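1. Sequence plus the predicted model coming up.
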Amino acid sequence: MGSYSELYIADYPIVTSKNSYYEDIVKMIFQKSDFKILERPLSNRNMITWGDAYTNNNELENVKAFFSTAQICRERLELFGANYKKAETDFNNAIAKLRQEEYYEFAEDSNLTFKVYLESIKSIIESKQKKYNNDYYTNFIDYLHENELFIAHQSINLALWSIFYVFEPESIVEYNLTDIIEGGWITDSPQDNIQIEKIIVLTEGKTDSEYLKNCLDIFYPHLSIYYHFMDFESSKYEASASRLVHTIKSFVGSGINNLILALFDNDTAGLKEVNHLKKVKLPPNIQVLQYPNIEWLKNYPTLGPNGIQNMDVNGLAGSIEMYLGIDCLTEDNNQLIPIHWKGYDESVKKYQGVILKKNVVQEAFLKKVKSFDSNNFNESDWKDLKSIIELMHNAWQ
């Protein structure tokens with residue numbers, strides 16, 4: 001008879017396998033901590049798959065499965081490049097190949113768009129029906145039923161992204177491995193087989209890495225495991241924008257396959273080094289980015305020969321401290337700590353600015369991290385640092 005594994009979303013089985021499971025799918029959307037062993041009331045959802053199952057709702061079942069949500073699974077796929085445009089292109093290419101095979105009449109329909117595909121996925125799952133018949137050569141809906149919502153020639157990661165995209169963020173995603181574990185087909189600890197592909201993050205300095213990790217751990221714990229930051233303490237790494245350029249060039253020469261993300265400050269020194277890297281042919285696994293502009297930095301106090309003047313410091317003085325929140329940059333007298341202008345860089349024809357009282361800003365941020373309360377915090381105090389995290393998440397979009 002055999003045993004079965006099933007991947008569910010919103011209690012609907014979208015991937016079924018006999019005596020095995022798809023490890024590649026698990027590695028794409030789950031972490032080790034997502035594997036749970038629990039007891040719960042026996043559900044009726046087996047009827048979706050087999051149609052004739054009888055369940056007694058007073059019974060309990062022991063479940064061994066990976067659990068997550070549609071939003072978390074989708075965001076994990078997006079870290080490695082999945083998005084709407086890529087999924088749409090992938091769908092169109094798959095349909096074009098089906099059309100070339102000349103087996104499927106529905107593929108000839110010019111109205112069969114990616115939007116129709118998404119709507120069809122949602123409709124099928126919400127119907128709670130799983131049908132198998134011989135009309136899948138002519139009818140697109142029947143084809144999706146027959147192929148568990150996937151289309152031949154699709155990339156599995158983009159097909160999964162499409163499925164997660166159409167559902168509410170908190171829709172439960174479950175990969176139930178109970179039967180194949182208890183049947184002895186796989187190990188009792190499938191979570192141990194997950195090897196996370198780390199994105200190596202390079203920054204200009206120790207504090208950049210530390211503060212970004214703080215933000216990841218607080219707001220994106222489901223994604224933080226995918227990032228590996230440079231260990232400045234153990235490696236005695238010399239922190240600077242120019243040193244970061246040398247490190248990137250070393251990675252280029254080594255041919256390393258990991259995804260590598262280099263983050264430069266949004267200042268004059270960062271711009272100078274990014275311009276240097278434009279002369280280097282970078283492989284697609286290496287992305288070089290600068291911190292994003294901040295709207296309120298367009299009118300920030302600066303200290304120069306003529307005293308305090310407000311001006312746009314984006315691209316001139318955007319070190320990590322400027323992203324820690326207005327609350328950390330404001331002194332007890334309710335005045336913003338000003339930017340101090342230093343040297344002029346002839347290559348980019350801009351002055352370099354640095355925040356005064358940097359240690360005061362850093363201490364204020366560390367205090368904010370230590371006292372963080374997820375039930376009571378000001379979103380605006382974190383939005384600028386989160387904008388860097390969002391930049392990181394979209395690096396391969």
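-> Cool, the structure landed.

2. list the contacts for the residue nearest to Glu331 when sequence neighbours are not counted?
-> What sits nearest to Glu331 in space, not counting adjacent residues and going by Cβ to Cβ, 6 or more residues apart in numbering, is Ile337, at 6.0 Å. Every residue, glycine included, has its C-beta placed from N, CA and C. Contacts for Ile337 were tallied using Cβ atoms under 8 Å, 6 or more residues apart in numbering; they are 329-331, 355-357, 360-361.

3. okay, who's weakest in the residues you listed by pLDDT?
-> Ranked by pLDDT, the contacts of Ile337 bottom out at Glu331, which has 92.

4. how close does the residue nearest to Glu331 get to Ser387?
-> 20 Å (Cβ to Cβ, to the nearest Å).

5. Skipping adjacent residues, who's closest to the most centrally placed residue in the chain in space?
-> Per Cα atoms, centre = their mean, the C-alpha nearest to the average position across the chain is that of Leu79, at 3.4 Å. If you skip the residues right next to it in sequence, Leu79 has Tyr226 as its closest partner in space, 5.6 Å away by Cβ to Cβ, 6+ apart.

6. go on, Gln287?
-> The shortest distance from Gln287 to any residue that is not its chain neighbour, by Cβ to Cβ, 6+ apart, is 4.5 Å, and that residue is Ala395.

7. isn't that neighbour right next to Val288, touching?
-> No. The criterion here is Cβ atoms under 8 Å, and Ala395 misses it with Val288 at 9.5 Å.

8. re the thing from before, which ones are touching the residue nearest to Leu79?
-> Each residue near Tyr226 by Cβ under 8 Å, 6+ apart is listed here: 76, 79, 196-199.

9. Leaving out sequence neighbours, find the closest residue to Gln191.
-> Phe35 (3.8 Å).

10. The one you found contacts Pro190, doesn't it?
-> Yes. When contacts are counted by Cβ under 8 Å, Phe35 is listed as touching Pro190 (6.6 Å).

11. Now do the shared contacts for these two.
-> By Cβ under 8 Å, 6+ apart, Phe35 and Pro190 have these common neighbours: Phe66.

12. Which one's more surrounded, the two?
-> Of the pair Phe35 and Pro190, Pro190 is the one with more neighbours under other Cβ atoms under 10 Å, namely 22 against 19.

13. ok, for that one, nearest residue in space, not its chain neighbours?
-> Once flanking residues are discounted, Pro190 sits nearest to Leu177: 6.0 Å by Cβ to Cβ, 6+ apart.

14. quick one: pLDDT of that neighbour?
-> At Leu177, the predicted lDDT confidence score is 97.

15. my guess is it contacts Gln191, does it?
-> No. Counting by Cβ under 8 Å, no contact exists between Leu177 and Gln191, whose distance comes to 10.0 Å.
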